[in-house]
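Below: sequence and its predicted model.
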Amino acid sequence: MALTVGFDLDMTLLDTRPGIRATYDALSAETGTPIDSALAVTRLGPPLLQELAHWFPAERLDAVAVRYREMYREHALAPTVLLPGAREAVAAVRSHGGRVAVITGKYEPNARLHLDHAGLDADVLVGDLWAETKGDALREHGADVYVGDHLGDIIGARAADAVAVAVATGPYGPEELRAAGADVVLDDLTAFPDWLAGYRAGCLSA
């Protein structure tokens, strides 16, 4: 069966913090609502509404989320950069004849814009998912491995019976990721191609 590797987006493939911070700053200026954007970008991973709830009352959340997603396209794409090893990690999956699935909590149309802007090609893109619901998508698309930076990504991998590969490029360090149940912990994606080669060799010889 063909290899399928899932990747998270924010702080796994892309450093989206500068663009997200710029979007929050613009949203704050437009709405007149104070938002600590520097704090907000330390909490990337959970659904957008969860972060917005720190700054806006419940009755405004849906409308503010729509506006944030509109503003995101203007403010967030240009400042976003590939994390070290991201392009090579995707290429490594391709070199093993594998499929790449990006499974993210980000609003899917904006996630697509990010991939296009960064020049990353995914066979599958599914957005608006978190923790166990990521597991549903991973299982649906037959993912063998899921790579992410957040504890929620480990939950998603576990829910799909996929190998949970954690990268310490997000809010958690290696020990926290191991304690949360990651099968593999890498400092960043630069180590992923070698790990994948070893993983594939083990699968083929089993």
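That came through, no problem. Numbers count the residues shown, from 1 in each chain.

When you work out contacts or count neighbours from here on, use the C-alpha atoms and nothing else.
Noted.

can you tell me which residues contact Ala131?
Gly152, Asp153, Ile154, Ile155, Gly156 (Cα atoms under 8 Å, 6 or more residues apart in numbering).

Tell me, how many residues neighbour the closest residue to Thr33 other than its chain neighbours?
The shortest distance from Thr33 to any non-neighbouring residue, by Cα to Cα, 6 or more residues apart in numbering, is to Trp55 (7.2 Å). A total of 14 residues lie near Trp55 under the criterion other Cα atoms under 10 Å.

Please export the C-alpha coordinates of the helix or strand that contains Pro109 as PDB.
Per DSSP states H and E, Pro109 falls inside helix 108-118. Extracted as PDB, the C-alpha positions of helix 108-118 are listed here (Å, rounded to 0.1, in the frame of the first residue of the first chain):
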ATOM      1  CA  GLU A 108      -9.000  25.600   4.500                       C
ATOM      2  CA  PRO A 109      -9.100  28.300   1.800                       C
ATOM      3  CA  ASN A 110      -6.300  30.300   3.600                       C
ATOM      4  CA  ALA A 111      -4.300  27.100   4.100                       C
ATOM      5  CA  ARG A 112      -4.500  26.600   0.300                       C
ATOM      6  CA  LEU A 113      -3.200  30.100  -0.200                       C
ATOM      7  CA  HIS A 114      -0.300  29.400   2.100                       C
ATOM      8  CA  LEU A 115       0.700  26.200   0.300                       C
ATOM      9  CA  ASP A 116       0.500  28.000  -3.100                       C
ATOM     10  CA  HIS A 117       2.500  31.000  -1.800                       C
ATOM     11  CA  ALA A 118       5.200  28.700  -0.400                       C
END
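
ok, and what's touching it?
9, 69, 72-73, 77, 81-82, 104, 121-122, 125-128.

Now do the helices in this protein.
In the chain, the helices defined using DSSP state H lie at 17-31, 37-40, 48-52, 61-75, 86-95, 108-118, 132-140, 151-159, 174-179, 192-205.

Just want the angle from the first one to helix 61-75.
So the one you mean is helix 17-31. Interaxial angle of helix 17-31 relative to helix 61-75 (axes from the mean of the first three to the mean of the last three Cα atoms, to 10 degrees): 120 degrees.

The last one too?
Put simply, helix 192-205 runs at 110 degrees to helix 61-75, going by the same axes, to 10 degrees.
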